[in-house]
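In: Generate a structure from the sequence data that follows.
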Amino acid sequence: MKFNGKVALVTGAGNGIGRAVAQGFAARGARVAAVDRDREAADVTVAMIRQAGGEALAIEADVTRAADVAAYVQKTLEAYGAIDCFHNNAGIEGKVAPTAEYEEAVFDAVIAVNVKGVFLGLRHVLPVMLRQGRGAVVNTASVAGLVGSPGMPAYVASKHAVIGLTKTAAGEVARAGVRVNAVCPGPIDTRMIHALEAQVNPDDPAQVEARYHASIPLGRYGTAEETANIVLFLCSDLAGNVTGAQYVVDGGRTATPGAVTTLLGQAAR
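Out: From the prediction side, this is the model:
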């Protein structure tokens with residue numbers, strides 16, 4: 001999986017999976033545009049890449065704003081001249097609450113980032129790839145896009161939508177040499193899962209973590225780097241015949257009957 005001479009654009013690159021993907025691309029020879037609404041976090045990612053001998057550019061953007069998305073695409077093109085790989089990754093978790101009690105404002109915020117943000121990324125990056133006659137896109141979905149998760153209606157709805165957008169776009173651009181896939185992480189050892197643990201049990205989030213580990217066949221959370229490896233594979237020539245697919249990275253959680261334990265279920269115990 002070499003990306004020498006290629007340009008990779010990553011949203012949500014300021015932490016977690018996005019940072020690991022940005023670092024992975026850079027370590028394999030790509031020039032990286034690291035996008036995040038938190039400019040300081042994006043700067044840290046870029047500093048880490050440069051310290052390791054890679055080339056990267058930090059771009060501040062709100063993925064829910066079309067003007068910001070158009071701007072991050074334009075800045076990437078101005079700096080590097082192309083977009084070969086696009087990890088359409090930025091996302092938020094929202095709150096843990098039953099659907100009957102879920103706040104409309106929180107629902108709207110989750111859909112704006114996780115669905116509209118992914119759509120806008122596709123809307124502005126795909127034309128570039130179509131002009132080039134090449135490109136690979138990986139959208140970050142989730143196992144929550146494959147199964148329900150009581151207590152997370154906005155997040156689940158948004159990730160189901162990401163898979164739908166992935167399949168639709170893949171069919172539209174395949175003949176033009178552009179591939180579009182999705183990665184579906186399970187619980188990953190990043191800020192997001194620990195923030196959810198704290199929502200469920202502010203007094204003892206470690207208890208939630210232990211129960212969640214027990215529900216995963218591999219017995220642990222995945223790492224950002226493990227997810228990044230799948231993103232890099234899907235963007236590489238090794239996956240040249242893969243498009244419109246969703247790759248699950250969840251330690252066997254959704255493959256094993258009875259393994260799925262929801263956060264809301266944790267709260268009831």
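In: Out of the helices and strands in this structure, which is least certain?
Out: Lowest by mean pLDDT, DSSP states H and E among the helices and strands of the chain is helix 263-267, with a mean of 54.
In: Just give me the neighbour total for Ala170.
Out: Using other CB atoms under 10 Å, Ala170 has 20 other residues around it. To be clear about C-beta, it is placed using only N, CA and C from the backbone, and glycine gets the same treatment.
In: Once you drop chain neighbours, what's closest to it?
Out: Counting by CB to CB, 6 or more residues apart in numbering, Ala170 lies nearest to Gly244, which is 3.4 Å off, once chain neighbours are set aside.
In: The one you found: what's it in contact with?
Out: By CB atoms under 8 Å, 6 or more residues apart in numbering, the contact set of Gly244 is Thr166, Lys167, Ala170, Gly171, Ala174, Val180, Asn181.
In: any chance you could map the strands in this protein?
Out: Per DSSP state E, the chain carries strands over the ranges 7-11, 31-36, 55-60, 85-88, 135-140, 178-185, 246-249.
In: What is the last one packed up against?
Out: Contact partners of strand 246-249 among helices and strands, from 3 or more CB pairs under 8 Å, 6 or more residues apart in numbering; DSSP states H and E: strand 178-185, helix 224-235.
In: What mean pLDDT does that strand get?
Out: The average pLDDT for strand 246-249 rounds to 97.
In: go on, the second one?
Out: The pLDDT scores in strand 31-36 average 98.
In: And for the third one?
Out: Here strand 55-60 scores 98 as its mean pLDDT.
In: what comes into contact with that strand?
Out: Strand 55-60 has contacts (CB under 8 Å, 6+ apart) with 22, 26, 31-39, 42-43, 45-46, 49-50, 71-72, 75-76, 79-80.
In: Show only the entries of those residues found in helices.
Out: Applying DSSP state H to the contacts of strand 55-60, the entries found in helices are 22, 26, 39, 42-43, 45-46, 49-50, 71-72, 75-76, 79-80.
In: Would you list the buried entries among these?
Out: With burial judged by 16 or more other CB atoms under 10 Å, the buried subset of those is Ala22, Ala26, Ala42, Asp43, Thr45, Val46, Ile49, Ala71, Tyr72, Lys75, Thr76, Tyr80.
In: ok, Gly9 - contacts?
Out: Careful, residue 9 is Leu and not Gly. Each residue near Leu9 by CB under 8 Å, 6+ apart is listed here: Val32, Ala33, Val35, Tyr72, Val73, Thr76, Ile83, Cys85, Phe86, His87, Val125.
In: got a pLDDT number for it?
Out: 99.
In: Over to Ala228?
Out: pLDDT, Ala228: 98.
In: In the stretch 151-269 of the chain, where is pLDDT below threshold?
Out: Within the stretch 151-269 of the chain, the ranges that satisfy pLDDT under 70 run 257-269.
In: so where do the helices sit in it?
Out: 153-173, 191-200, 205-214, 224-235, 263-267 (DSSP state H, counting those that start in this stretch).
In: Of all those helices, which one is nearest Tyr102?
Out: helix 153-173 (5.4 Å; CB to CB).
In: how distant is the closest one from the center of its chain?
Out: Its chain's average C-alpha position is 12 Å from that of helix 153-173, according to CA atoms, centre = their mean, to the nearest Å.
In: May I see the buried residues of it?
Out: The neighbour-count check on helix 153-173 (16+ other CB under 10 Å) flags 153-163, 165-167, 169-170, 173 as buried.
In: Return the residues in contact with Gly148.
Out: Contacts of Gly148 by CB under 8 Å, 6+ apart are Val156.
In: For it, give me phi and psi.
Out: phi -80, psi 160 (degrees, to the nearest 10).
In: Quick one, grab the pLDDT at it.
Out: On pLDDT, Gly148 comes in at 90.
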